[in-house]
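Asks: Got a predicted model here, sequence first, then my questions.
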Amino acid sequence: MSNGSLLLLILCLFSASYLPRLFPMLYFSQRQVPQWFSDWMKYVPISLFAALVFKDVFISDNQFDVIGNVRIIAMFLVAGVAYKTRSMAISVITGLAAVFLLSMI
């Protein structure tokens, strides 16, 4: 691949990732965000996180795994710690420790 082609590829990838972020900022900098949209957007981060986490908790070896799955116990433990402490660091450490200790049983 020549330097010109590589530079063109980088510029195209930059445009493809930057422009979808730029247009909403430009649009909403002059307008007020509707309340229903703001309320709806509050659920997006937790929904994305839940989709990522639940896949790793319930699926192993391309099969739905519930029986004897120690990650489910760790998930409930971490959910309780996260709710009580509201600390991401403590929740992550608790999850790592719980999975480690429960997998040794």
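Replies: Arrived safely, thanks for sending. These figures come from a predicted structure and were not determined experimentally.
Asks: Would you mark the buried spots in stretch 65-73?
Replies: Under the neighbour-count criterion of 16 or more other CB atoms under 10 Å, stretch 65-73 has 69-71 buried. From N, CA and C alone the C-beta is placed, and that goes for glycine too.
Asks: Where do the helices of the chain begin and end?
Replies: Along the chain, the stretches classed as helices by DSSP state H are 3-29, 35-41, 44-58, 70-85, 88-104.
Asks: what's the least confident stretch among the ones you listed?
Replies: With a mean of 85, helix 44-58 has the lowest mean pLDDT of those.
Asks: Tell me the gap between that one and the middle of its chain.
Replies: Relative to its parent chain, helix 44-58 has a centroid offset of 6 Å by CA atoms, centre = their mean, to the nearest Å.
Asks: I'd like to know which elements it is packed against.
Replies: helix 70-85 (3 or more CB pairs under 8 Å, 6 or more residues apart in numbering; DSSP states H and E).
Asks: if we can go back for a sec, need the winner for burial among the helices of the chain.
Replies: Ranked by average neighbour count under the criterion mean count of other CB atoms under 10 Å, the helices of the chain are headed by helix 70-85 at a mean of 15.
Asks: Wait, residue 73 touches residue 101, no?
Replies: No: in this structure, residue 73 is not within contact of residue 101 by CB atoms under 8 Å, at 10.2 Å.
Asks: ok, and the closest non-adjacent residue to residue 105?
Replies: residue 70 (7.2 Å; CB to CB, 6 or more residues apart in numbering).
Asks: residues contacting that neighbour?
Replies: 99, 102-103, 105 (CB atoms under 8 Å, 6 or more residues apart in numbering).
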